[in-house]
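below are the sequence and a predicted model for it; my questions follow.
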Amino acid sequence: MKLLISIKNTEEASIVKDSKFDILDIKNPAEGSLGVNFPSVIKEIKEKSPNRIISAAGGDLPGLPGLTSQITFGLAHLKPDYIKLGFYNFNELKTAVKIINEAKKAIKLSAAPVKLIAAAYGDYKKTGSFNPFLLNDLAFNTELDGIMIDTIDKSGKNLFDFLNPGELKDFCLQAKKAEVFSALAGSLKFDHIDLLKEIKPDIIGFRGAVCKNNDRSSKINADLINKLYQKIQS
Ligand SMILES: O=C[C@H](O)COP(=O)(O)O
């Protein structure tokens, strides 16, 4: 189980410089769950973190293939290892297939070796957004590299308030069958680690629980990241 840590600026890149984790995710929490950050910020963080595997959030995106492919094209030029696209406020599989096919074309056009992750939200029902259990169908029908479940609502509830461990385990098993990696996030806590070890996603994503006062809009904390990493290894 690899640990992904989301950061928002170059100051946080310095804070986590010596911390142990596997993927450095760059997002803009002020613009949503998978808020997309500014090109200059992503470029600077990449330069400051030469030995890190980098992921870039692409936004909580409506079902618009043109818009999504342009965002993907722009991000791909910054050469992250992964781009994560959030499926928000639309729910048709056909639209999702078109989005991923066009995003893959945009990546090829950029000539950067970027992997693509489609993300849906555990609390999808509240907003009529894309059902995360359709991500496996999407993976079978496209050239996706990974699928992820996060949450859109970061105001107190977490992933397990919306989906049960059995559903999440099945999601991860289906991802293996589709030969893509699985990732889980959504206000996860230290206390969820044992359960997550049973569910066996390939990647777990954290921010809030490793920020000062458990507040994802405040500053990331290196000691908390190291403690979390140790707990995952134990
Ligand atoms: O991609 C992972 C997310 O940034 C996790 O953030 P969170 O733990 O605050 O929900």
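Cool, got the structure.

let's verify residue 156: helix, strand, or coil?
coil (DSSP: H, G, I helix; E, B strand; the rest coil).

ok, now how distant is it from residue 178?
Applying Cβ to Cβ, to the nearest Å, the value for residue 156 to residue 178 is 32 Å. No exception for glycine: its C-beta is placed from N, CA and C like everyone else's.

go on, residue 159?
Counting by Cβ to Cβ, the gap from residue 159 to residue 178 is 20 Å.

now swap in residue 14 and tell me
38 Å.

what residues does the one helix or strand residue 125 maps to touch?
Per DSSP states H and E, residue 125 falls inside helix 124-127. Here helix 124-127 makes contact (Cβ atoms under 8 Å, 6 or more residues apart in numbering) with 88-89, 91, 121, 130-132, 152-153, 162.

most neighbours, which of these?
Sorting those by how many neighbours each has (other Cβ atoms under 10 Å) puts residue 121 first, at 28 neighbours.

coming back round to it: what about residue 159 and residue 178, which has more around it?
More crowded of residue 159 and residue 178, by other Cβ under 10 Å: residue 159, with 23 against 19.

tell me where this structure has helices.
All helices of the chain, identified by DSSP state H, fall at 10-15, 39-48, 65-76, 93-110, 124-127, 135-141, 165-177, 193-199, 222-233.

surely residue 80 and residue 57 touch.
No: at 9.6 Å, residue 80 does not count as touching residue 57 under the criterion of Cβ atoms under 8 Å.

name the residues contacting each of these two.
Going by Cβ under 8 Å, 6+ apart, residues that sit against residue 80 and also against residue 57 are residue 26.

and the protein, which residues reach the ligand?
4, 6, 25, 27, 150, 154, 185-188, 205-209, 216 (Cβ under 6 Å from any ligand atom).

those residues in strands, which ones?
4, 6, 25, 150, 205-206 (DSSP state E).

centroid-nearest residue for the chain?
For the chain, the residue sitting closest to the mean C-alpha position, by Cα atoms, centre = their mean, is residue 84 at 5.4 Å.

contacting residues for it?
Here residue 84 is in contact with 25, 34, 55-58, 117, 119, 148 (Cβ under 8 Å, 6+ apart).

which members of the residues you listed are the farthest-apart pair?
56 and 148 (13.3 Å; Cβ to Cβ).

among those two, which residue is more densely surrounded?
residue 148 (31 against 28).

if we can go back for a sec, point out the ones among the contacts of helix 124-127 that are inside strands.
residue 121.

state which strand of the protein is the longest.
Per DSSP E, the chain has its longest strand at strand 53-61.
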